[in-house]
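Chemist: with the sequence up front, the predicted model follows.
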Amino acid sequence: MTDVDQLIAKKVADRYLKREVLGEGTYGVVFKAIDTKSGQTVAIKKIRLGKQKEGVNFTALREIKLLKELQDPNIIQLIDAFPHKGNLHLVFEFMETDLEAVIRDRNIVLSPTDIKSYLQMTLKGLAFCHKKWVLHRDMKPNNLLIGPGGQLKLADFGLARIFGSPDRRFTHQVFARWYRAPELLFGAKQYGSGVDVWAAACIFAELLLRRPFLQGNSDIDQLGKIFAAFGTPKASQWPDMIYLPDHVEYQYVPGQPLKTLFPMANDDALDLLSKMFAYDPKARISAQMALQHRYFTSGPPPTEPALLPRPPPKRESIDSKPPSEGGGGGGGPTVLSPSKKSKRVMPHQHDHGTETSGPAPMSLDFSVFAARPPARPTINRFRIIYNFKLLCNVADRSHLKRKLDLEFQIPEED
Ligand SMILES: Nc1ncnc2c1ncn2[C@@H]1O[C@H](COP(=O)(O)OP(=O)(O)OP(=O)(O)O)[C@@H](O)[C@H]1O
């Protein structure tokens, strides 16, 4: 960065008053902040740029700009992005809780119309992204954030694509696996929006069961769990399966009736679930078509977001007074001592076979949900399938880079 760039970045950074740390994810720390310009509470994700000495590269800026333009009521809004002290800061709208917290909260009863509402918002966000040729690739309940008005919004996308996949501890892979489509588990290199629909089906199943549906402890085991539930796929069901790089033959097992797996779901819900869980990605229902399924168009309508049951805001700060009431120091950003990241304790792993070999529980098993499972780490991949080379056919790249840099830095009005 040039001196001028640094000056601008500093000015932008001064705009946000840091509050407490909300947690740490794959790419770095997320903290709460107040936008002194708008008075709005925001969440800032500080991304370590590590060895990238030149800062954010051209492609990264372009992709971040694209994410910034991805605006929909069911997509978390990227408000701003700016470099500061060698880190990239992404400013998002602040959200109170997430779907994982809703599913795990033993005090919450989810009615069929509540489930319908959460699934509808998930699919709306997905359909919007897919229409823009963007895949999420890391759909899971803790990436579905919930705002103060009950709106569910897809979060945590694009970062691996932009910054590369960081080294992940083993646990980081574990939970993401549960939502992975069979074509990914068989090593598909080319895949499409169907991977997100499969993950959304797993989330739908999890809303019905109140526990993760297919909890594989390795990729092979994950496929085993899937096949035990739905039956080993036949060539007629998924003709391209045998051409996938990591395809291996599995012993044939028949599937179980969906009604046995989800006794609490009605016929429309089961029909939609079966279409979202289609083995062949080409035959899998799209997010857009799923929204038109009779599960949504008939029967009782989805619950209004504001009326959805939610846990108390988990991100309530004990020191979240507005900046004028203190905490901001001399006007510059102040980092309050980071609150300890709340450790989520893994409940005893129940038998991995139970969810597929026997009837699913109809009510909450409090012994399982008494403790929150650990944060499910993210693969954080929102795959952008635009052809950027086309978009970026500009003679003066450095000029455009500077233009993009500036677009993300809204200098303060003095
Ligand atoms: N927009 C937001 N509003 C409020 N809290 C947020 C927001 N974005 C992230 N958080 C919180 O910050 C913490 C870290 O989030 P982050 O997305 O970086 O990682 P994660 O989802 O916990 O883990 P991983 O990156 O491994 O998936 C989490 O507790 C998350 O709920």
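Modeler: The structure has been received and is ready for your questions. Residues are numbered from 1 along each chain as shown.
Chemist: now for residue 185, how many residues are close by?
Modeler: Number of residues near residue 185 (other Cβ atoms under 10 Å) recorded here: 20. (C-beta placed from N, C-alpha, C; glycine too.)
Chemist: that one and residue 222 touch, don't they?
Modeler: Yes - at 5.7 Å, residue 185 counts as touching residue 222 under the criterion of Cβ atoms under 8 Å.
Chemist: would you mark the buried spots in stretch 237-252?
Modeler: 238, 241, 244, 247 (16 or more other Cβ atoms under 10 Å).
Chemist: ok, so of those, who is nearest residue 61?
Modeler: residue 244 (34.7 Å; Cβ to Cβ).
Chemist: identify the spatial nearest neighbour of the closest one, chain neighbours not counted.
Modeler: Sequence neighbours aside, residue 186 is the residue nearest to residue 244 in space, at 3.8 Å (criterion: Cβ to Cβ, 6 or more residues apart in numbering).
Chemist: you'd agree the one you found is up against residue 246?
Modeler: Yes - the criterion here is Cβ under 8 Å, and residue 186 meets it with residue 246 at 5.1 Å.
Chemist: and the residue nearest to residue 244, how far from the ligand?
Modeler: Going from residue 186 to the ligand by Cβ to the nearest ligand atom, to the nearest Å gives 24 Å.
Chemist: residues contacting that residue?
Modeler: For residue 186, the contact set (Cβ atoms under 8 Å, 6 or more residues apart in numbering) comprises 223, 241, 244-247.
Chemist: in helices, which of the residues you listed fall?
Modeler: residue 223 (DSSP state H).
Chemist: CSV for the contacts of residue 186, including pLDDT and distance to residue 101?
Modeler: Formatted as CSV, the contacts of residue 186 follow (pLDDT from 0 to 100; distance: Cβ to Cβ, whole Å):
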residue, pLDDT, distance to residue 101
223, 97, 29
241, 97, 36
244, 96, 35
245, 93, 37
246, 94, 34
247, 95, 37
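Chemist: so where's the protein uncertain?
Modeler: The chain contains residues with pLDDT under 70 at 1-13, 50-59, 158-175, 314-414.
Chemist: show me the strands in it, by range?
Modeler: 16-25, 28-35, 41-48, 78-84, 87-93, 97-98, 134-135, 144-146, 152-154, 383-384 (DSSP state E).
Chemist: tell me which of those strands lies nearest to the ligand.
Modeler: strand 16-25 (2.1 Å; Cβ to the nearest ligand atom).
Chemist: in that closest one, what counts as buried?
Modeler: 16-22, 25.
Chemist: now those in a markdown table, with distance to the ligand?
Modeler: Below are the buried residues of strand 16-25 laid out as a markdown table (distance: Cβ to the nearest ligand atom, whole Å):
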| residue | distance to the ligand |
| --- | --- |
| 16 | 13 |
| 17 | 16 |
| 18 | 14 |
| 19 | 11 |
| 20 | 11 |
| 21 | 8 |
| 22 | 4 |
| 25 | 2 |
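Chemist: farthest pair within these?
Modeler: Once Cβ to Cβ is applied, the buried residues of strand 16-25 give 17 and 25 as the farthest pair, at 21.6 Å.
Chemist: could you give the number of residues near residue 304?
Modeler: For residue 304, using other Cβ under 10 Å, the count is 11.
Chemist: ok, it touching residue 117?
Modeler: Yes - Residue 304 is within contact range of residue 117, at 7.5 Å (criterion: Cβ under 8 Å).
Chemist: contact partners for residue 46?
Modeler: Per Cβ under 8 Å, 6+ apart, neighbours of residue 46: 28-31, 87-89.
Chemist: and for residue 191, the neighbour number?
Modeler: 17.
Chemist: before we move on, the earlier item: closest one of the contacts of residue 186 to residue 99?
Modeler: Distances from residue 99 to the contacts of residue 186, taken by Cβ to Cβ, are shortest for residue 223, at 25.1 Å.
Chemist: so who does that closest one touch?
Modeler: 182, 185-186, 216, 250.
Chemist: now, these that are in helices?
Modeler: Using DSSP H, the contacts of residue 223 in helices are 182, 185.
Chemist: okay, now the domains of the chain?
Modeler: Each domain of the chain is listed here as a residue range: 20-81+89-93, 97-307+379-405, per automatic domain parsing.
Chemist: what two of the contacts of residue 186 are the furthest from one another?
Modeler: 223 and 245 (13.8 Å).
Chemist: pretty sure residue 253 contacts residue 229?
Modeler: No - using Cβ under 8 Å, residue 253 is not in contact with residue 229; the gap is 9.6 Å.
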